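S.K.: Below is the sequence, then the predicted model.
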Amino acid sequence: MRLPPGIEDSTDDAALIDMARRGSRSAFDAFVTRHRARIVRLACGMVADEEDAVELAQEAFMKAYNSLGRFRGDCSPRTWLDRITVNLCVDWQRRQRIRRALFLVPRREGEEGWSPEESAVEDSWRSDPLRVADSARIRSVVCRVLASLSDKQRMAFVLRHQEGLDTAALASALQCAEGTAKVHLHRATERMRKALAPFMAPED
């Protein structure tokens, strides 16, 4: 990671944002450099399309830059940026139908994590019109539920399932106690589970 001239690797996010608020574009560029890959990955997990994810990540940074004057420091800059990104992705989901599963991005042969089993599952869905129809309905339900959650519930759900944060890291990202983070995640998960219940195969 190459930071702009005059910015040290050891400069933390809070200091970078403080400098950016006082007019340093280089400090904000350093903040972007530090978080770009992670934000693209987060957006990609929500919209399941890399090109759209890159555009949403750029939009998130633009919105963050334009909102510097309103950043009060009541959460970490990372959490603030995550919230902006998640909300932009949810708004994007409201405007258009996504093409692939929301939290599972199918991988191509040769990509890290690819497996013949995963490829076979994906092919079976594509070859079965009824499953494809169900998949589209499931994506629609997931989008609707995400949009209906509170900010913290939405962040808890997305950051657990996309970023894989454990409870301690989730609490840190949400700027709350671990017990509170568990409550947000539980409520979001229960809402999602109930909404998706009609699509679940009955147990024997």
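M.R.: Cool, the structure landed.
S.K.: which residue sits closest to Arg21, ignoring its sequence neighbours?
M.R.: Nearest non-adjacent residue to Arg21, counting by CB to CB, 6 or more residues apart in numbering: Leu68, 4.9 Å away. C-betas here are computed from N, CA, C, even on glycine.
S.K.: So for the one you found, what's the pLDDT?
M.R.: Note on Leu68: pLDDT of 92.
S.K.: Touching, it and Ile17? I think so.
M.R.: Yes - between Leu68 and Ile17 a contact is recorded at 7.1 Å, counting by CB atoms under 8 Å.
S.K.: which residues are common contacts for those two?
M.R.: The contact sets of Leu68 and Ile17 overlap at Phe28 (CB atoms under 8 Å, 6 or more residues apart in numbering).
S.K.: okay, these two: which has more neighbours?
M.R.: Ile17 (22 against 14; other CB atoms under 10 Å).
S.K.: From Arg38, how far out is the nearest residue to Pro77 once chain neighbours are set aside?
M.R.: Nearest non-adjacent residue to Pro77, counting by CB to CB, 6+ apart: Asp13, 4.1 Å away. If you measure Asp13 against Arg38 using CB to CB, to the nearest Å, the figure is 12 Å.
S.K.: now His184
M.R.: 21 Å.
S.K.: Centre of the chain to the lengthiest helix in the chain, how far?
M.R.: Looking across the chain with DSSP state H, the single longest helix is helix 25-47. Centre-to-centre, helix 25-47 and its host chain are 12 Å apart (CA atoms, centre = their mean, to the nearest Å).
S.K.: mean confidence score for that helix?
M.R.: If you average the pLDDT over helix 25-47, you get 89.
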